[in-house]
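Colleague: Here is the input, now give the coordinates:
(one chain, ligands or ions: 1)
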Amino acid sequence: MARYSPSVQNLITKLGSLPGIGGKSAQRLAFHILSLSKKDVDDLTSAIVTAHDQTVKCSCCQNFTDSDPCPICSDSNRDHSIVCVVESPRDVAVFERMHEYRGLYHVLHGIYTPLAGKSMNDITLPQLISRLSSSSEIKEVIVATNQTAEGNATALYISRLVSPSGIKVTRLASGLPMGSDIEYSDDLTLANALKGRITI
Ligand SMILES: [Zn+2]
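Modeller: Next up is the predicted model:
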């Protein structure tokens, strides 16, 4: 006999396919959803559908946005000569929270891991290269990928691709612990890593 009804099992399976949600969490979430009122469930599903429908990738920085170009790329008060390359939209939020960085961003949506079968076309590296080659404004690219082996390899790869164009490529200073994600660093550590960035 099935442990749960087909509809409940389907919900658990779908929730369990989300990143970071294991089997137990999926069951907990499913039963929490079942305990909600019809209105709360409608609000939740509508929030998911609306966000999905209205969100596009900014054609300039590739971050998720409701308007293209995004508010950061279209802000003339920001420094358009610096582009900070990050792995995910969550990293942009971390930099913005710090209030120390006034340049632009480029969101890779992943990391270059050829050994895991991920090519540069699986992330937004081609878009970065074409953005840099079509802009005379950009003078520096700060590679702020996570301090992991893959993050460092991606930084070197970007440096090799970009440096011949004369654009300076820098990396956040050490101080961020090896293996750590930008997402979990505190504002002061990140601000210091940004200030002490080194050319690669
Ligand atoms: Zn943008």
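Colleague: CA only for contacts and neighbour counts going forward, please
Modeller: OK.
Colleague: Distance from the chain centre to the one helix or strand Val92 maps to, please.
Modeller: Assigning secondary structure by DSSP states H and E places Val92 in helix 89-98. Here helix 89-98 is found 9 Å from its chain centre; the criterion is C-alpha atoms, centre = their mean, to the nearest Å.
Colleague: what's the answer for stretch 14-24, then?
Modeller: For stretch 14-24, the distance to the chain centre is 20 Å (C-alpha atoms, centre = their mean).
Colleague: Can you name the next helix or strand after the one helix or strand His52 maps to?
Modeller: If you go by DSSP H and E, His52 is part of helix 38-54. Beyond helix 38-54 in the direction of the C-terminus, DSSP H and E gives the next helix or strand as strand 56-57.
Colleague: List of residues touching that following strand?
Modeller: Strand 56-57 is contacted by residues Asn63, Phe64, Thr65, Asp66, Ser67, Asp68 when judged by C-alpha atoms under 8 Å, 6 or more residues apart in numbering.
Colleague: Please apply the same query to stretch 190-200.
Modeller: Contacts of stretch 190-200 (C-alpha under 8 Å, 6+ apart): 98, 100, 142, 156, 159, 168-176, 182.
Colleague: ok, and of those, which contact the ion?
Modeller: Of the entries in these, none also sits close to the ion under the rule C-alpha under 5 Å from the ion.
Colleague: so what's the residue nearest to the spatial centre of the chain up against?
Modeller: Nearest to the geometric centre of the chain sits Ser88, at 0.8 Å (C-alpha atoms, centre = their mean). Contacts for Ser88 (C-alpha under 8 Å, 6+ apart) come out as Val107, Leu108, His109, Gly110.
Colleague: Locate Tyr105 within the secondary structure: which element?
Modeller: Using DSSP H and E, Tyr105 falls within strand 103-107.
Colleague: Check which helices and strands that strand is in contact with.
Modeller: Contact analysis of strand 103-107 by 3 or more C-alpha pairs under 8 Å, 6 or more residues apart in numbering; DSSP states H and E lists strand 79-86, helix 89-98 as its packing neighbours.
Colleague: Run through the strands of the chain in chain order.
Modeller: Secondary structure of the chain (DSSP state E): strands at 56-57, 64-65, 79-86, 103-107, 140-143, 168-171, 198-199.
Colleague: any idea which of the ones you listed scores lowest on pLDDT?
Modeller: In terms of average pLDDT, strand 198-199 trails the rest of the strands of the chain, at a mean of 86.
Colleague: Okay then, goodbye and thanks.
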